[in-house]
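Enquirer: Build me a model:
(chains A and B)
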Amino acid sequence: MAEKWIYWLKEVGQEDNNVVGKKCANLGELIKAGFHVPPGFALGVEAYSRFMKETEATDILLKFLETFHADPNNVADTLKFEEASNAMRAMVESVRMPPDMEKTIKEYYAEMCRIAGCENIYVAARSAGPVSHPGQYETYLNVSGADDVVFNVIRVWSSTFNTRSIIARARLGLPLHYDPIGVAVLTMVDAKAAGVMFTVNPVNGDESKVAIEGSFGYGEAVVSGNVTPDRYLVDKITMEIDEKIISDKGSEFIYNPETKEMEYVELAPDQRKRQCLEDKEVLELTRLAKKVEAHFRCPQDIEWSISRSLPFPESIFLVQARPESVWGKKKKESVLGKKSGMELLFERATTPIKVKI
Amino acid sequence: MAEAKKFPYASEVVLPPELAGWEEMYPPQRLFSKDRQAWENKHFWFQDKIHAPEPMYPLDDIFQEAWQIALSQFTTRVFCIPPAQGVAQRMLGCYMYITPVEPPPPEVIGEKAERFGKRVFYVFENYEKLWNKWLEKFQALGREMESLKIPKEFDKYVPDSEVFPAPRGYTQAYELIEAFNTIISQIFKAWQYHFEYLNLAYLAYLMFVDTARKLFPGIKESTIGKMVAGAEVSMFRPEEELCRLSRLAIGQRPVAEILKKDIPADKKIEELKAIDAGRIWLEEIERIKNPWFFVSCGSGWYHYEGSWTNKMDVPFSYMQSYVQRLEKGETIERSLTAISEERNRLVSEYKALIKTDDDRKSFEDAYKVVRTIYRYAEDHLFWVEHWLHTIWFEKIREFGDLLVKYNVLKKTDDIFLFNRFEVPMLLEDLATAWALGEGAPTRGVFWMEKAAKREKILDAARKWMAVPGLGVPPEEVSEPFTVMLWGITTDKVAEWLKGSEVESKDVTEIKGFASSAGVAEGPARVLKLLEDVVQLKQGEIMVAPCTNPSWAPVFTKIKAAVTDIGGLTSHAAIVSREYGLPSVTGTGIATSVIKTGDIIKVDGSTGTVVIVKRA
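Expert: Predicted coordinates:
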């Protein structure tokens, strides 16, 4: 029997990391744990394999690569990789998907539309590697219509042949023609604001805080670093907003229905320095962050999005959760040492307090 | 290299000419002096806005004198906090400046460390027992002061009872002189007791702040404040009594009706006396009045603030609003359970975030230490600054009354215009005139002129903007009080250095301590004196010089609190946290910059107050 290659997100969990890729597995896990995640489905790495094998894609790529020679450690060869990438991507994207796969994907999409109660809903096609390579593969936003969904799934697959990916594989001595990843097809959240949050203060490792960064529009603006986000620091225990840094956010990343493209649009002068989140949203995000951290039992790096059309708090979606990479990995060493209260008192009594003038 | 930033030295400060003659009000050892200039210039002095925000009346200065000795000695000679020395005081232009004395030589630090260990550990191990002993001896001292006999008038001839069966051998002249000597000794002793455990309480607090900050670098001091604060401390008892009395009144309709009337307290008392239920209710006040109505209407540091016992309008206006609120079905009491549950939740949830067993153990132990002793910081305040000071002011006024009766002074309170070394001169003058027989004059005219002149100087001092600091700020401070109580921090000194050249009407934002988190916006009500509290409306933001237990009921009416004076453990900070009100304390200038009716926004999380719209 053929291996299963497509799943509803709610069918997968953390244990399916290697089957559907990290992002899909984590989103599935979040749904199982009861968090609000945009509905969608996942294409497993098996789908990538089937596509590449059952079409002629692999053969075409291998043939092309026979004549390709470049040194990934030589900067001058970067251009060669770029040309190769363009060629390889064009090859993959011109291949037709096996009809049964195309049919199934379209059925899943139709079911998403049915549940959402609207035709041709907007979705995002996001890459989901079994090992996380943030920012290495591509994501396509605001995809609508069954044919476009199928095409953009192929585009995500083909992004495994983008320049930075093939250089990375060449450096590691991995095959250039093959790098199976999963794809998440998620309902788009019509984001009025979005961003990331950490369940630890990234500045000093203080685990009693949740640090939230957000900006207007879609989250890519924050993740990519293209805008300076607002920053909120919230105490997990007192649930007080300790710090609020409202930045000049410049522009927002939004969908242009005319060009059907995502674009940065400059914010009106009175909007640029406006707080992108209401306090109640900041606190609700903090509550969610605490729950996610408790569920995964380690500090988390979470992407969130707030819908402009749904009422609070259903408006808040989690679109990604992964272990926080800096402080989460640090070995936990004692900061105080094993001391009695009297020893600590003695220490305080003998240490002067510095006052910088 | 940039020259170290500094404030003027004391000798460089130019005082307004109207202050001429201010020095004679204070004893010479309390003034900056040429002979000690080298030592004085080595230290950084700052104006003590906590204990002496207003120009100092010479007799009120006695508390300052007394704490200079008491606070310092417990650090240097009793508990021997190793690198710390005492806090020295000087008067300048009727304001008090203080400095943490520079650290002692290394060998002294070593000697002190040994003793510190032994003595301090003992206190923590036995605190419960020691506190009971403290309270017992302190109450005994207060009762002694209360029972001190001060002649109401001089007998023309001593009564027979003092001659037969054997002459007593001394008269009212001696009694008067002795009574004043005695009360001076008593107030000094009370202030010795005041610091018996306070230095250690503050040290323990600083230790806990350090410990918590190492584990949670971003933990806020207001959160730490909530973790260590006690709920069942003497300081809150007066307010609890008002709640209880209000509930009693509700049970007796006619009493409640009288309390609700918009008439002065003495009129209410008169009406209450006319009915049975009222008399019974008044008896209940009499029963608890001492000690629980012995609450200063200010900080307890100035004679003119008054206490509930002599300004009954204050407690009666609170009860008026309590009765009204009870009738609406509201709860007026603080929920002690809620407070202690919240405290336990904070502590256990932070503890749960600690990653290693060693750290958790150390944190637990640090918390235990601070909780053992911290309530002293809150308990002593009621007994010393409120209860005993109320007794003191009343007793001193008895001396004042006598001096007025015999034309040595014009008004009772003029006695506060003479320092503790001078008052004996006035008393001796009076006793001498009596002893000399008929027709012997006192120097009443001289004393009265002096009093009038001093009143003018103090008025001028009130208008003078005293410099906040003198000399070169230090790089480190070891003295626990300086950090904890006066909140001498980098930011504070930097702000002072900026100076106060800005006109108050141009100020749109002021900074203080983030004492109780939250944000509130609304109309300001500037309350310079507690009597003004009658004008306070529900939902206003209180702006006050500082608050104390007698202000507690105010907090049930307001949206947020802002004070000029006080750190994170000041009364306003503690009570705001308990009521969940945003509060910014220690702004230094709020009452002079903000006017009643201004719309202000208080951010108790960041310690800022923004003037949104001028009235």
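Enquirer: ok, the nearest residue to B:Gly306 once chain neighbours are set aside to B:His389 distance?
Expert: Among residues not flanking B:Gly306 along the chain, B:Cys297 sits closest, at 4.8 Å (Cβ to Cβ, 6 or more residues apart in numbering or on different chains). C-beta here means a position set from N, CA and C on the backbone, and glycine is covered the same way. When Cβ to Cβ, to the nearest Å is the yardstick, B:Cys297 and B:His389 sit 11 Å from each other.
Enquirer: So between these two, which is more surrounded?
Expert: Shown here are B:Cys297 and B:His389; by other Cβ atoms under 10 Å in any protein chain shown, B:His389 has more neighbours (26 against 23).
Enquirer: Three-state assignment for that one, please.
Expert: What DSSP: H, G, I helix; E, B strand; the rest coil gives for B:His389 is helix.
Enquirer: which residues touch it?
Expert: B:63, B:296, B:300-301, B:307 (Cβ atoms under 8 Å, 6 or more residues apart in numbering or on different chains).
Enquirer: hmm, try it at 7 Å
Expert: B:296, B:300 (Cβ atoms under 7 Å, 6 or more residues apart in numbering or on different chains).
Enquirer: What is the neighbour count of the nearest residue to B:Leu130 once chain neighbours are set aside?
Expert: Distances taken as Cβ to Cβ, 6+ apart put B:Val123 closest to B:Leu130, at 6.4 Å, once the chain neighbours are dropped. The number of residues packed near B:Val123 is 16, by other Cβ under 10 Å.
Enquirer: SS state for B:Val123?
Expert: Looking at B:Val123 with three-state DSSP, the answer is helix.
Enquirer: residues contacting it?
Expert: B:130, B:197, B:200.
Enquirer: Among those residues, which one has the most neighbours?
Expert: When neighbours are counted by other Cβ under 10 Å, B:Leu200 leads the contacts of B:Val123 with 29 neighbours.
Enquirer: can I assume that one is in contact with B:Val120?
Expert: Yes: with contact defined as Cβ atoms under 7 Å, B:Leu200 counts as touching B:Val120 (6.2 Å).
Enquirer: what's the helix or strand for B:Ala524?
Expert: For B:Ala524, the element it lies in under DSSP states H and E is strand B:519-526.
Enquirer: need the next SSE after that strand, C-terminal direction.
Expert: Following strand B:519-526 in sequence, per DSSP H and E, is strand B:541-544.
Enquirer: May I have the strands that pair with that next one, each with its orientation?
Expert: Strand pairing for strand B:541-544, determined by DSSP bridges: strand B:519-526 (parallel), strand B:560-563 (parallel).
Enquirer: related to what we said a few turns ago, what is in contact with B:Leu200 and B:Val120 at once?
Expert: B:Phe79.
Enquirer: Can you name the residues that contact the closest residue to chain B within the stretch 1-150 of chain A?
Expert: At 19.9 Å from chain B, A:Ala33 is the closest residue in the stretch 1-150 of chain A, using Cβ to the nearest Cβ. Shown in contact with A:Ala33 (Cβ under 7 Å, 6+ apart): A:His295.
Enquirer: how near is it to A:Gly13?
Expert: Relative to A:Gly13, and taking Cβ to Cβ, A:Ala33 is found at 9 Å.
Enquirer: repeat for A:Asn120
Expert: From A:Asn120 to A:Gly13 the distance is 30 Å (Cβ to Cβ).
Enquirer: who's more crowded, those two?
Expert: Legend: neighbour count by other Cβ under 10 Å for A:Asn120 and A:Gly13, higher for A:Gly13 (18 against 14).
Enquirer: Quick check: that one touching A:Gly28?
Expert: Yes: with contact defined as Cβ under 7 Å, A:Gly13 reaches A:Gly28; the gap is 5.2 Å.
Enquirer: so what's in contact with the two at the same time?
Expert: Common contacts of A:Gly13 and A:Gly28, defined by Cβ under 7 Å, 6+ apart, are absent altogether.
Enquirer: pull the CA atoms of stretch A:333-352 into PDB?
Expert: Listed next in PDB are the C-alpha coordinates belonging to stretch A:333-352 (Å, rounded to 0.1, in the frame of the first residue of the first chain):
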ATOM      1  CA  GLU A 333      23.700  26.500  36.200                       C
ATOM      2  CA  SER A 334      23.100  27.800  39.700                       C
ATOM      3  CA  VAL A 335      23.400  31.600  39.800                       C
ATOM      4  CA  LEU A 336      23.300  31.900  43.600                       C
ATOM      5  CA  GLY A 337      25.000  28.700  44.700                       C
ATOM      6  CA  LYS A 338      23.700  26.900  47.700                       C
ATOM      7  CA  LYS A 339      23.600  29.600  50.300                       C
ATOM      8  CA  SER A 340      21.700  30.100  53.500                       C
ATOM      9  CA  GLY A 341      19.800  33.300  54.000                       C
ATOM     10  CA  MET A 342      22.400  34.300  56.600                       C
ATOM     11  CA  GLU A 343      25.200  33.900  54.100                       C
ATOM     12  CA  LEU A 344      23.300  35.900  51.600                       C
ATOM     13  CA  LEU A 345      22.700  38.600  54.200                       C
ATOM     14  CA  PHE A 346      26.400  38.700  55.000                       C
ATOM     15  CA  GLU A 347      27.200  39.000  51.400                       C
ATOM     16  CA  ARG A 348      24.800  41.900  51.000                       C
ATOM     17  CA  ALA A 349      26.200  43.600  54.100                       C
ATOM     18  CA  THR A 350      29.800  43.400  52.900                       C
ATOM     19  CA  THR A 351      29.200  44.400  49.300                       C
ATOM     20  CA  PRO A 352      28.800  48.100  48.600                       C
END
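Enquirer: The closest residue to chain A within the stretch 201-350 of chain B - how many residues pack around it?
Expert: Closest contact between the stretch 201-350 of chain B and chain A, by Cβ to the nearest Cβ, is at B:Met207 (3.8 Å). Using other Cβ under 10 Å, B:Met207 is surrounded by 24 other residues.
Enquirer: OK, contacts around the residue nearest to it when sequence neighbours are not counted?
Expert: The spatial neighbour of B:Met207 that comes closest, neighbours along the chain excluded (Cβ to Cβ, 6+ apart), is A:Arg348 at 3.8 Å. When contacts are counted by Cβ under 7 Å, 6+ apart, A:Arg348 touches B:203, B:206-207, B:210.
Enquirer: any idea of the pLDDT on residue 257?
Expert: Reading this off chain A. Among the per-residue scores, A:Pro257 holds a pLDDT of 80.
Enquirer: Actually, chain B is the one I wanted.
Expert: Value for B:Glu257, per-residue pLDDT: 96.
Enquirer: just B:Pro480 next, same as before
Expert: As predicted, B:Pro480 sits at a pLDDT of 64.
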